[in-house]
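Engineer: everything below, folded, please.
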Amino acid sequence: MKVIDLFAGCGGLSLGFQKAGYRILAAYDNWEAAVNIYRQNFKHPIYQWDLNQYKLYLEHFRLLNPDLIIGGPPCQDFSSAGKRNENLGRGDLTISFSQIIAQVLPKFFVLENVERFNKTQKYQQSKEILQQAGYGITEKILDASLCSVPQKRKRFFWIGIYQGNEHELNFYLDNSLSSTPMTIRDYLGDKLGIKYYYRHPRSYQRRAIFSIDEPSPTIRGVNRPIPKTYQQHPGDVAPLSSNIRPLTTKERSYIQTFPDDFIWEGSKTDLEQMIGNAVPVNLAEYVAKAILNYLNNQQKIPLSIQQLSFPI
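Structural biologist: Residues are numbered from 1 along each chain as shown. Next up is the predicted model:
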């Protein structure tokens, strides 16, 4: 299946779909640092384009004729970690994504965003655009720790099928979920060489010391050292000591399920933000495989039955 990745960042979605067997034709992002990382890790082209100006590029997208368009429009304006002001500008890229889908009309699209995306006005506007274009939409919030990712990270997914039914992929997205969350030790064994680590909290009302025998909390775009003034939190799983440290940039990429040979070159600040913003590779692969399972099942249904379309 031919795919293009809009708002590709450093390539978490692309890599997950590529691992599942999809052919990525091209990717697009407007952040130079992310484009440079992406270019070093993939053979297909990435274009540094501002997709707020999507009308300039519609003919290009049509000529590629993708079967599937995937993308994670920048979500900071919707995030619980951000200002929650969807009118700061980045939220408009979600509308751009929807307009590109409505104009190019691929058979499928996948949009990834923060858990609370469906509480926003941009969600309502985008959904109206996509449904009017003829897409049946499946909505699902997935916990990455149940999708082979050692991280408690909930993300919102839209999967659209052109001229399909609403909720058509629910079964396939639920069917392979793990019954238990994946821990860091489950995924990495003793590779990190530590049992406990520090993760800087958003406020000191939250704990900061975690064990590798639990899923990591959500990897964020910042990674700070332990402050000299840190006071032990009652929820910390171990006392503060010289053996406890934050995860390194590379280790944080492992928690996002990027492979060991993935190239990370650039400023530490940019890399930390990229990794924190990325879609976990294994989560993307999970969604990609759910779509393949749906397609394989459709091929087993006799044509005479496929032609009958009943709403669920």
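Engineer: for the stretch 151-300 of the chain, which segments count as strands?
Structural biologist: 154-162, 196-198, 209-211 (DSSP state E, counting those that start in this stretch).
Engineer: what's the longest one packed up against?
Structural biologist: It stands for strand 154-162. In this structure, strand 154-162 packs against strand 108-114, strand 135-143, helix 281-300, with contacts taken as 3 or more CB pairs under 8 Å, 6 or more residues apart in numbering; DSSP states H and E. C-betas here are computed from N, CA, C, even on glycine.
Engineer: swap in the last one?
Structural biologist: Other elements packing on strand 209-211 under the criterion 3+ CB pairs under 8 Å, 6+ apart are strand 196-198.
Engineer: list the helices and strands the strand it packs on packs on?
Structural biologist: Identification of packing neighbours for strand 196-198 by 3+ CB pairs under 8 Å, 6+ apart yields strand 209-211.
Engineer: for residue 103, find the nearest of the strands of the stretch 151-300 of the chain.
Structural biologist: When the strands of the stretch 151-300 of the chain are compared by CB to CB, strand 154-162 sits nearest residue 103, at 12.6 Å.
Engineer: next, the buried residues of that closest one.
Structural biologist: Buried residues in strand 154-162, counted by 16 or more other CB atoms under 10 Å: 155-161.
Engineer: in contact with the residue nearest in space to the middle of the chain, which residues?
Structural biologist: The centre of the chain sits closest to residue 279, judged by CA atoms, centre = their mean, with a distance of 2.7 Å. Counting by CB atoms under 8 Å, 6 or more residues apart in numbering, residue 279 makes contact with 9, 12-13, 16, 72, 112, 155.
Engineer: residue 242: neighbour count?
Structural biologist: Around residue 242 there are 5 other residues, counting by other CB atoms under 10 Å.
Engineer: that one and residue 275, how far apart?
Structural biologist: Distance check for residue 242 against residue 275: by CB to CB, to the nearest Å, it reads 26 Å.
Engineer: related to what we said a few turns ago, got the buried residues of strand 154-162 as CSV, with distance to residue 256 columns?
Structural biologist: Converted to CSV, the buried residues of strand 154-162 look like this (distance: CB to CB, whole Å):
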residue, distance to residue 256
155, 12
156, 17
157, 17
158, 21
159, 21
160, 25
161, 28
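Engineer: which stretch among the helices and strands packed on strand 154-162 is buried most, on average?
Structural biologist: strand 108-114 (a mean of 24; mean count of other CB atoms under 10 Å).
Engineer: what's the angle from that strand to strand 154-162?
Structural biologist: Relative orientation of strand 108-114 versus strand 154-162 (axes from the mean of the first three to the mean of the last three CA atoms, to 10 degrees): 160 degrees.
Engineer: what's the angle from strand 108-114 to helix 281-300?
Structural biologist: 150 degrees.
Engineer: partners of strand 108-114 in the sheet?
Structural biologist: In the sheet containing strand 108-114, its partner strands are strand 68-71 (parallel), strand 154-162 (antiparallel), by DSSP bridges.
Engineer: and the helices in the stretch 151-300 of the chain?
Structural biologist: Applying DSSP state H, counting those that start in this stretch to the stretch 151-300 of the chain gives helices spanning 170-174, 184-188, 249-255, 268-277, 281-300.
Engineer: can you say which of those is nearest to residue 229?
Structural biologist: helix 268-277 (21.9 Å).
Engineer: now do the buried residues in that closest one.
Structural biologist: 270-277.
Engineer: between these, which is nearest residue 108?
Structural biologist: Closest approach to residue 108 among the buried residues of helix 268-277 (CB to CB): residue 277, at 23.4 Å.
Engineer: now the closest one: how far from residue 149?
Structural biologist: 15 Å.
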